[in-house]
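Trainee: sequence unknown, structure follows:
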Ligand SMILES: Nc1ncnc2c1ncn2[C@@H]1O[C@H](COP(=O)(O)OP(=O)(O)OP(=O)(O)O)[C@@H](O)[C@H]1O
């Protein structure tokens, strides 16, 4: 089947994620996502997936990862992603769920190495070097020898992220990866994700609730409401008081410091 014809910016479509007419429902309930069509989600930049509780952000990520059945078309890098065998899809797409990785009795370095070696022919030595480097990038090199089941929630979240990043997927889907992290680790994670996304020209979608962190650290944004697209584009351009009122039902103002990125002041419920 030919890729869906969604207009892409010049030269951007080759590795982009294309989503067309995506419908996802749980059981017999009405669809959570109903015929969603996105503009191309570009590779090499971080795209924040935003919207109120229950609007379908996690469902969209799970559908893209092939973890819930969906109707419609999902293409990645010119390939019909929905038609790939599950093993190949798992190699090309790393998905980090909202829930923490299970606290199994494994050392952190081993756990990251297992993720790196899954489905690859990499030697143990090379996998160890890459795994250690990834732990360092996320600021948790000191945890390499610790047991996973003795870590805090935030530390486990960081290890889950290291496992996702070290696999070098073509598409990285992160569901609220900052939720359990302190400020320093939030910044370290977003910097590492940005650097890996750019270096590997990955498609990276991150569910976020903190709009100001998104505005500082993400490039593009997708605003959803009730499973439908409200706005998509460069995050600093699409984040307007009108969009925030429509999506979240709040009154807000956008402040633009000289030479900086905008930040949002929420003034109240609309
Ligand atoms: N496994 C499931 N079975 C049935 N309904 C589900 C299931 N998972 C999610 N839903 C429903 O789908 C809707 C969207 O949920 P989803 O988790 O995708 O939202 P979300 O935008 O990620 O929310 P949040 O920001 O609160 O995490 C909700 O109404 C939820 O109740």
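Mentor: Yes, it's here. As the structure is a computational prediction, the values presented were derived from the model and not from experiment. Numbering: from 1, shown residues only.
Trainee: just checking, residue 25 touches residue 32?
Mentor: Yes - applying Cβ atoms under 8 Å as the test, residue 25 and residue 32 come out as touching, 6.3 Å apart. Every C-beta, even on glycine, is put in place using the N, C-alpha and C of the backbone.
Trainee: which is the next helix or strand following the helix or strand bottoming out on mean pLDDT in the chain?
Mentor: Between all helices and strands in the chain, the lowest mean by mean pLDDT, DSSP states H and E belongs to helix 86-92, at a mean of 88. As assigned by DSSP states H and E, the chain's next helix or strand after helix 86-92 is strand 93-96.
Trainee: can you give me the strands in this protein?
Mentor: Ranges of strands in the chain, per DSSP state E, are 17-24, 33-36, 46-50, 71-76, 79-80, 93-96, 171-175, 203-207, 220-225, 228-234, 250-255, 263-269.
Trainee: Give me the helices and strands touching the fifth one, please.
Mentor: When contacts are defined as 3 or more Cβ pairs under 8 Å, 6 or more residues apart in numbering; DSSP states H and E, strand 79-80 sits against none of the other helices and strands.
Trainee: Partner strands of it and their direction?
Mentor: Paired neighbours of strand 79-80 in the sheet (DSSP bridges): strand 71-76 (antiparallel).
Trainee: same deal with the third one?
Mentor: On the basis of DSSP bridges, the sheet neighbours of strand 46-50 come out as strand 203-207 (parallel), strand 220-225 (parallel).
Trainee: Go through the ones you listed and pick out the most buried.
Mentor: The highest mean neighbour count among those, using mean count of other Cβ atoms under 10 Å, belongs to strand 203-207: a mean of 26.
Trainee: Can you pull out the low-pLDDT segments for the stretch 101-250 of the chain?
Mentor: 101 (pLDDT under 70).
Trainee: What segments of it are helices?
Mentor: If DSSP state H, counting those that start in this stretch is used as the criterion, the helices of the stretch 101-250 of the chain fall at 108-117, 124-137, 153-166, 183-200, 211-217, 235-238, 241-248.
Trainee: Quick one: closest of those helices to the ligand.
Mentor: Comparing the helices of the stretch 101-250 of the chain by their distance to the ligand (Cβ to the nearest ligand atom), the top pick is helix 241-248, with 11.2 Å.
Trainee: between that closest one and strand 220-225, how many degrees?
Mentor: 50 degrees (axes from the mean of the first three to the mean of the last three Cα atoms, to 10 degrees).
Trainee: Check which helices and strands helix 241-248 sits against.
Mentor: With contacts defined as 3+ Cβ pairs under 8 Å, 6+ apart, helix 241-248 has these neighbours: strand 220-225, strand 228-234, strand 250-255.
Trainee: Next, the angle strand 228-234 makes with the first one.
Mentor: Comparing the axes of strand 220-225 and strand 228-234 via the same axes, to 10 degrees yields an angle of 170 degrees.
Trainee: what about strand 220-225, near the ligand?
Mentor: No - using Cβ under 6 Å from any ligand atom, strand 220-225 stays clear of the ligand, coming no nearer than 7.1 Å.
Trainee: List the contacts of that strand.
Mentor: Outside strand 220-225, the residues that touch it by Cβ atoms under 8 Å, 6 or more residues apart in numbering are 38, 41-42, 45-52, 55-57, 60, 205, 214, 229-235, 238-239, 243, 246-247.
Trainee: And for the second one?
Mentor: Contacting residues not belonging to strand 228-234 are listed as 34, 36-39, 51, 219-224, 238, 243, 246-247 [Cβ under 8 Å, 6+ apart].
Trainee: Now for the residues you listed: which two are most distant?
Mentor: 34 and 219 (27.1 Å; Cβ to Cβ).
Trainee: Identify each buried residue in stretch 140-157, please.
Mentor: By neighbour count on 16 or more other Cβ atoms under 10 Å, the buried set for stretch 140-157 is 140, 143, 144, 148, 151, 154, 155, 156, 157.
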